[in-house]
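Peer 1: Give me a 3D structure for the following:
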Amino acid sequence: MLDMGKLVITIPDELEQEFRDAVYRRYGMKRGNLTRAVIEALEQWISTVREEIEHQKDSKLNVGRG
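Peer 2: Below you'll find the predicted structure:
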C-alpha cells in the first residue's frame, strides 16, 4: 500500500457538489472514488504547472535569439 498524505481543504459548496457529481458519473459510487479523482486532478494540475514553468524557462532562454 502507498503511503498517503492528508490534506484538509475548504472549497465552495457548489464546486464540491459538481465534483462529487462528476466523480459519480465517471467512476460510480464506490468507496475511494473521491480520493481517486482528487489524486487524478492533482496530478493533472501539477503536470500543467510543470509544463507552464518549462515553457517560461524556454521562452526566457530564447529571448534575444533570432
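Peer 1: roughly how far apart are G28 and E54?
Peer 2: In this structure, G28 and E54 are 36 Å apart, going by CB to CB, to the nearest Å. Every C-beta, even on glycine, is put in place using the N, C-alpha and C of the backbone.
Peer 1: Give me the distance between Q56 and E40.
Peer 2: Taking CB to CB as the measure, Q56 falls 25 Å from E40.
Peer 1: Tell me which of these two has more neighbours.
Peer 2: Taking neighbours as other CB atoms under 10 Å, Q56 and E40 compare with E40 leading, 13 against 10.
Peer 1: Can you tell me the SS state at the more buried one?
Peer 2: Under the three-state scheme (DSSP: H, G, I helix; E, B strand; the rest coil), E40 adopts helix.
Peer 1: lowest-confidence helix or strand of this structure?
Peer 2: Of all the helices and strands that make up the chain, helix 33-62 has the lowest average by mean pLDDT, DSSP states H and E, namely a mean of 92.
Peer 1: in that helix, what counts as buried?
Peer 2: 34, 37 (16 or more other CB atoms under 10 Å).
Peer 1: Which neighbouring elements make contact with it?
Peer 2: Contact analysis of helix 33-62 by 3 or more CB pairs under 8 Å, 6 or more residues apart in numbering; DSSP states H and E lists helix 13-27 as its packing neighbours.
Peer 1: Centre of the chain to the helix it packs on, how far?
Peer 2: Here helix 13-27 shows a centroid-to-chain-centroid distance of 14 Å under the convention CA atoms, centre = their mean, to the nearest Å.
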